[in-house]
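Colleague: Okay, here's the prediction I keep looking at, along with the sequence it came from:
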Amino acid sequence: MRKIFGVGETVLDIIFKDGRPQAAKPGGAMLNSLVSLGRAGLPVHFISEYADDDVGRLIDSFLSSNGVGTSLVHHYTDGKTKLALAFLNERNDAAYTFYEKYPVKRLDLEMPVTGRNDILLCGSIYSITAEIREKFTGFVSQAFSNGSMVIYDPNFRSAHRHELDRLKPLIVENMSMASLVRGSDEDFLNIFGASTPDEAWEAVRKYSGCLVYTANAEGVHVRTERFSGKFPVKKITPVSTIGAGDNFNAGMMAAMFVNKVGPDRLSTIDGELWKEIVSTGIDFASEVCMSYDNYIPQEFAEKLRKDYEQKNSGQ
């Protein structure tokens, strides 16, 4: 059976608006994606690390109750689960302050072996962190070699731009192991100085054969060697944009999973299927923006679950 994996950090997001705490939610880019997919009934497995403390146990229970497999989580005892304080501005975009205490030995677990057409999501600063880098690259490289669909989201924000000279070689190495690179206009401007989707594609195509470029209200652009397209986004008034990109990834992965899209098909997908893949990503992201949750709501997920079950039964 085809599986979905995500490897990334785990945090507890504490969200502030106008100086007041509004919510506390388990977070982290890959966690947000996997919770939404788990709620939709897809087979998801999380590779991460957090402490065996009160916050870690809260997160562990939350993941299990939302259909996310946690057997590949390193529960360390000599540290604390990471906290992220998210301060929303007038546009409800977030600025973060982090508190962390990791053990000396990071990600201390046996990595799984992924199969052909399994989906692996990875990215963010976690994927270029020195302490886990060797284990991360070994795992992702093997997944790519095994024919898994590796989706890489660099999620590289301006706060890390002063480190670009050191981090860019790691980012492009990750791209070279990716079946598909999905990033925002901000990511590619920060990494490559690319200000348009075509400029971003010229940079990315040296390493990966598929780019999905998101540009907020300007839409979503897809580039492969055989396809170039632009898709509109919904006009909404967000409550919070935390998790929007993560859930675009989740929706995109859900559509690929249901339509049995593996890495070998990426170069031959036509406009109609790309429209479905991108539209599902937009639907997931739009739902998340309407609350302080980092994941799709249960009602929306239940409808997806029924749709997926009906589609599978009809095949």
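Modeller: Structure's in. What do you need?
Colleague: going forward, measure contacts between C-alpha atoms and count neighbours the same way
Modeller: Noted.
Colleague: residues touching Gly67, list them.
Modeller: Gly67 sits next to 35, 38-39, 41, 43-44 when contact means C-alpha atoms under 8 Å, 6 or more residues apart in numbering.
Colleague: Please read the previous query as pertaining to Thr77.
Modeller: Per C-alpha under 8 Å, 6+ apart, neighbours of Thr77: 51-53, 103.
Colleague: Same question for Leu85.
Modeller: Going by C-alpha under 8 Å, 6+ apart, the list of residues near Leu85 reads 13-16, 96-98.
Colleague: and it, that's in a strand?
Modeller: Yes - counting by DSSP: H, G, I helix; E, B strand; the rest coil, Leu85 is part of a strand.
Colleague: Identify the bridge partners of it.
Modeller: Ile14, Thr97 (DSSP bridges).
Colleague: And it, how far from Ser208?
Modeller: 34 Å (C-alpha to C-alpha, to the nearest Å).
Colleague: With Leu12 instead?
Modeller: 33 Å.
Colleague: residue contacts, Tyr28?
Modeller: One thing to correct before we go on: residue 28 is Gly, not Tyr. So Gly28 contacts 8-12 (C-alpha under 8 Å, 6+ apart).
Colleague: Could you tell me the backbone phi and psi angles at Phe5?
Modeller: phi -120, psi 150 (degrees, to the nearest 10).
Colleague: can you give me how far the least confident helix or strand in the chain by mean pLDDT is from the chain middle?
Modeller: Confidence across the helices and strands of the chain bottoms out at helix 298-313, with a mean of 88, counting by mean pLDDT, DSSP states H and E. Centroid separation for helix 298-313 versus its chain: 21 Å, with C-alpha atoms, centre = their mean, to the nearest Å.
Colleague: Same question for it: list its buried residues.
Modeller: 301, 304-305, 308 (16 or more other C-alpha atoms under 10 Å).
Colleague: cool, and stretch 259-267?
Modeller: 261-263, 266.
Colleague: for stretch 233-245, same thing?
Modeller: Buried-residue list, stretch 233-245, by 16+ other C-alpha under 10 Å: 233, 238-245.
Colleague: Among these, show me the least confident.
Modeller: Within the buried residues of stretch 233-245, pLDDT reaches its minimum at Ile242, with 85.
Colleague: Just give the nearest non-adjacent residue to that one, would you?
Modeller: Closest residue in space to Ile242, ignoring its immediate chain neighbours: Asn294 at 6.2 Å, by C-alpha to C-alpha, 6 or more residues apart in numbering.
Colleague: Report the contact partners of that neighbour.
Modeller: Counted by C-alpha under 8 Å, 6+ apart, Asn294 has contacts 25-27, 32, 242-244, 288.
Colleague: Provide the secondary structure category for it.
Modeller: Applying three-state DSSP: Asn294 is coil.
Colleague: what are the phi and psi angles of it?
Modeller: phi -100, psi 10.
Colleague: Please report the distance of it from Arg157.
Modeller: Taking C-alpha to C-alpha, one finds Asn294 at 19 Å from Arg157.
Colleague: Enumerate every residue touching Lys105.
Modeller: Per C-alpha under 8 Å, 6+ apart, neighbours of Lys105: Glu131.
Colleague: Quick one: low-confidence residue ranges for this protein.
Modeller: 313-315 (pLDDT under 70).
Colleague: what helices or strands is the longest helix belonging to it leaning on?
Modeller: Taking DSSP state H as the criterion, the chain has its longest helix at helix 271-288. Helices and strands touching helix 271-288, by 3 or more C-alpha pairs under 8 Å, 6 or more residues apart in numbering; DSSP states H and E, are strand 228-231, helix 244-258.
Colleague: Go again with 10 Å.
Modeller: helix 29-39, strand 210-214, strand 220-224, strand 228-231, helix 244-258, helix 298-313 (3 or more C-alpha pairs under 10 Å, 6 or more residues apart in numbering; DSSP states H and E).
Colleague: Among the contacts of Gly67, which one sits closest to Ile125?
Modeller: Ile125 has its nearest neighbour among these in Val35, at 19.7 Å by C-alpha to C-alpha.
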